[in-house]
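Colleague: Sequence first, predicted coordinates after that:
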Amino acid sequence: MSETEGRVFNIQKFSIHDGPGIRTVVFLKGCPLSCSWCSNPNSRKLKPVMMRDANDPNVFNEDSREYRLEEVVRVCLQDEPFYEESGGGVTLSGGEPLVQHRFATALLRELRAHGIHTAVETTGYVANAIFAKALKHLDLVIMDVKHHDFDAHKRWTGVGSDLPLSNLKQAIEAGTPIWARIPVIPGVNNTLDDATAFAEHLQRQGLRQVQLLPFHQYGERKYELLGWDYAFHDVPTLHEEDVEGFRQALEAAGIKASFEPPGPGGSAVAS
Ligand code: SF4
């Protein structure tokens, strides 16, 4: 891992779901979690993985390649006028973008130096010192809260929730705006009791607002292309109406919950 080169599996332009305004999203390889419902399974390994070509089942292609820092910066700067007009910017995503923390932090620093709004979609599962360095160059932290219970978090994602929560605290203390999100997953965290427990959990962390991300099947095809097993193969997609009761239970327990992002004020309780 270096400051000057990083492994990227996608650069998506004109995104409107990964932070405010129109954004370029840079997807970095590597993730320390193993969420059973993951929709980017190829992102988990830092090394490239082979995916079957969608047009030719006999052909396999690498899912990613090395990019030099200046190349990613150049691509991101191409859309600067759109960022300015829409209040957008650049979001690093993954995987867990801070697995490649030297590259990610250098990229954030460079983008900030060009006056670009920076955001990260992070699991928070990264050493506190690494998170602190990235935080210095971030305008927004977008973090999924995957479970309210430590043991269940570990069972479904492969890791405990202590590190993400300590980094969430760091971001709150630094005054960096936070968008907290709950991926609502059938059989994992989607009962009304879960909603009430999430509300208590979020309030303990100093959060007052959350965005709900109902389970989808966007990743199903990737498992096929990878030839990997997928535990959520037959699980139906959740629609907003399926999650409305869950949303109302959160609200009844004191957390503002929506299918939209938290907005300019962010999720954290103002200090
Ligand atoms: S944190 Fe995201 S990328 Fe990593 S395993 Fe979970 S869903 Fe997949």
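Modeller: Done, it's in.
Colleague: Can you get me a residue count around whatever residue of the stretch 101-250 of the chain ends up closest to the ligand?
Modeller: Closest approach between the stretch 101-250 of the chain and the ligand, counting by C-beta to the nearest ligand atom: Thr123, at 4.6 Å. Yep, even glycine has a C-beta here, placed from its N, CA and C like the rest. Neighbour count of Thr123, defined by other C-beta atoms under 10 Å: 24.
Colleague: With Cys35 instead?
Modeller: Neighbours of Cys35 using other C-beta under 10 Å come to 22.
Colleague: Kindly report the same for Gly175.
Modeller: Neighbours of Gly175 (other C-beta under 10 Å): 12.
Colleague: same question, the one 10 residues further on
Modeller: Ile185 sits with 21 neighbouring residues when counted by other C-beta under 10 Å.
Colleague: Residue numbers of the stretch 1-150 of the chain in contact with the ligand?
Modeller: 31, 33-35, 38, 40, 43-44, 94-96, 123 (C-beta under 6 Å from any ligand atom).
Colleague: Kindly recompute the last result at 5 Å.
Modeller: 31, 33, 35, 38, 40, 43, 123 (C-beta under 5 Å from any ligand atom).
Colleague: Quick check: buried residues in the longest strand seen in the chain?
Modeller: Longest strand in the chain by number of residues (criterion: DSSP state E): strand 5-15. For strand 5-15, burial by neighbour count (16 or more other C-beta atoms under 10 Å) applies to 5-9, 15.
Colleague: List just the nearest of those residues to the ligand.
Modeller: Phe9 (10.7 Å).
Colleague: Please name the nearest non-neighbouring residue to that closest one.
Modeller: Closest residue to Phe9 apart from its sequence neighbours, by C-beta to C-beta, 6 or more residues apart in numbering: Ser64 at 3.8 Å.
Colleague: Using a markdown table, please lay out the buried residues of strand 5-15 together with pLDDT.
Modeller: Compiled in a markdown table, the buried residues of strand 5-15 are given as follows (pLDDT from 0 to 100):
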| residue | pLDDT |
| --- | --- |
| Glu5 | 97 |
| Gly6 | 98 |
| Arg7 | 98 |
| Val8 | 97 |
| Phe9 | 96 |
| Ser15 | 97 |
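Colleague: rewinding a little: redo the residues of the stretch 1-150 of the chain next to the ligand as CSV? Include pLDDT and secondary structure.
Modeller: Shown next, in CSV, are these (pLDDT from 0 to 100; DSSP: H, G, I helix; E, B strand; the rest coil):
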residue, pLDDT, secondary structure
Cys31, 98, coil
Leu33, 98, coil
Cys35, 96, coil
Cys38, 96, coil
Asn40, 94, coil
Ser43, 96, helix
Thr123, 97, coil
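Colleague: Can you select the buried ones among those residues for me in PyMOL?
Modeller: Buried members of these, defined by 16+ other C-beta under 10 Å, are picked up in PyMOL with:
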select buried, resi 31+33+35+38+40+43+123
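Colleague: Could I get the full set of helices for this protein?
Modeller: 69-77, 80-86, 101-113, 128-135, 150-157, 162-174, 192-205, 220-226, 240-252 (DSSP state H).
Colleague: what residues are up against Cys76?
Modeller: 11, 24, 26, 90, 111, 116 (C-beta atoms under 8 Å, 6 or more residues apart in numbering).
Colleague: Distance check, the fifth one against Phe232.
Modeller: Between Leu111 and Phe232 the distance is 35 Å, computed by C-beta to C-beta, to the nearest Å.
Colleague: Those two: which is more packed in?
Modeller: Leu111 (24 against 20).
Colleague: Would you confirm that the more buried one contacts Ala119?
Modeller: No: when contacts are counted by C-beta atoms under 8 Å, Leu111 is not listed as touching Ala119 (10.2 Å).
Colleague: Residues that sit against both of the two, list them.
Modeller: 89-90.
Colleague: ok, the residue lying closest to Pro164 once chain neighbours are set aside - how many residues close by?
Modeller: Excluding its sequence neighbours, the residue lying closest to Pro164 (C-beta to C-beta, 6+ apart) is Gly124, at 3.2 Å. Gly124: 23 surrounding residues under other C-beta under 10 Å.
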